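**Q** Would you be able to build a 3D model of this:
(chains A and B)
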Amino acid sequence: MDDSTIVGKCQGGQAELYGRLVDKYSARIINLGYAMMGNRHDAEDVAQEAFVRAYKGLAKFQKKAKFSSWLYQIALNLCKDHLKAKSRHAKPTDDEQLAQMNGDPKEQAPRIIIQDELSGKMREAINKLPVLYREAFVLRHLQGLEYEDVATITTVPADTVRVRAYRAREMLRESMAPNVDTFWREKAAKEKGKGKKV
Amino acid sequence: MKKDDKKLIHKALDGEANQSETKRLQAKLESDGRMRSEFEQLKQVVKDTTRIRIDVPQDFTKKVLDETKRMRKPKS
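**A** Okay, here's the model as predicted:
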């Protein structure tokens, strides 16, 4: 069943079908929040709030729009509100929390999945991007959306989104370049070391 | 690097370069080491981004649906 049919049935009173939309989009919306805010707990809270708000607004939702774009829009606005509030009452990102811990952070915070050092550094770098560049970059590259869809969600022309994503990539390249070089150099050295032992 | 060359790189990264632009980029990358290095770094940035993922909590959908059910209940 496609999104539009599910939305129509929910609007017609079959509210229990809304779970299918939550199942379908929960990973994308939680990961959008995670990339935008850098904190797992906040990402889950914001995602839950986004789905509840979308449900509340479903009666007024016009089916000519895409449900996914509308949901992204709600989630993104919540993320931005959260970031604004956070800048007033500074709350640490997962990386900052990890940095404050002693010992192996992976052992002390088992719920936080950092797939490798490099992706941790990448997330840190993404969190330092200006919010407008961050949203363009995250929607385009992490969520894999077309520029036209990102334009609909962010309500700016597609060419503006292109420029923002371009600038974000350049900023990330500049901040990641030393990490990428060091990471690959260290990896190569480790593998060389392992080779010697065998 | 020239501004046009940068634009060409980003167009290629977005998969929006046409055939002649792709050829032009390939030729430039072969002759310009700095441009090649920047292009590789940018490709790596995009690739690494896709690794940033967290799992959805098992009870996430249930939590949302519980909340929506509460909203549907008539207030007494």
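
**Q** What's the local residue count around A:R88?
**A** Per other C-beta atoms under 10 Å in any protein chain shown, the neighbour tally for A:R88 reads 7. Heads up, the C-betas are built off the backbone N, CA and C, glycines and all.

**Q** what's it in contact with, if anything?
**A** Applying C-beta atoms under 8 Å, 6 or more residues apart in numbering or on different chains, one finds that A:R88 lies in contact with no residue.

**Q** Let me know the distance separating it from A:D81.
**A** Plainly put, A:R88 is 11 Å away from A:D81 if you go by C-beta to C-beta, to the nearest Å.

**Q** And for A:E16?
**A** Going from A:E16 to A:D81 by C-beta to C-beta gives 29 Å.

**Q** For A:V22, give me its contacts.
**A** A:V22 makes contact with A:F51, B:F60, B:T61, B:V64, B:L65 under the criterion C-beta under 8 Å, 6+ apart.

**Q** Leaving out the residues flanking it, which one is nearest to it?
**A** Leaving aside its chain neighbours, A:V22 sits nearest to B:T61 (4.5 Å; criterion: C-beta to C-beta, 6 or more residues apart in numbering or on different chains).

**Q** Remind me which helix or strand the one you found belongs to.
**A** With elements delineated by DSSP states H and E, B:T61 resides in helix B:60-72, which encompasses its position.

**Q** in that helix, what's buried?
**A** Buried residues in helix B:60-72, defined by neighbour count with 16 or more other C-beta atoms under 10 Å in any protein chain shown: B:F60, B:T61, B:V64, B:L65, B:T68.

**Q** Same check on stretch A:9-21?
**A** A:K9, A:C10, A:A15, A:L17, A:Y18, A:G19, A:L21.

**Q** Among the residues you listed, which pair sits farthest apart?
**A** Set against one another by C-beta to C-beta, the buried residues of stretch A:9-21 have their most distant pair in A:K9 and A:G19, with a gap of 12.0 Å.

**Q** And the residue positioned nearest the centre of chain B, how far from chain A?
**A** Geometric centre of chain B, nearest residue: B:V46, 5.2 Å, by C-alpha atoms, centre = their mean. Using C-beta to the nearest C-beta, to the nearest Å, one obtains 5 Å as the distance from B:V46 to chain A.

**Q** what angle sits between the host helix or strand of A:C10 and helix B:60-72?
**A** For A:C10, the host element (DSSP H and E) is helix A:3-11. For helix A:3-11 and helix B:60-72, the angle between their directions (axes from the mean of the first three to the mean of the last three C-alpha atoms, to 10 degrees) works out to 40 degrees.
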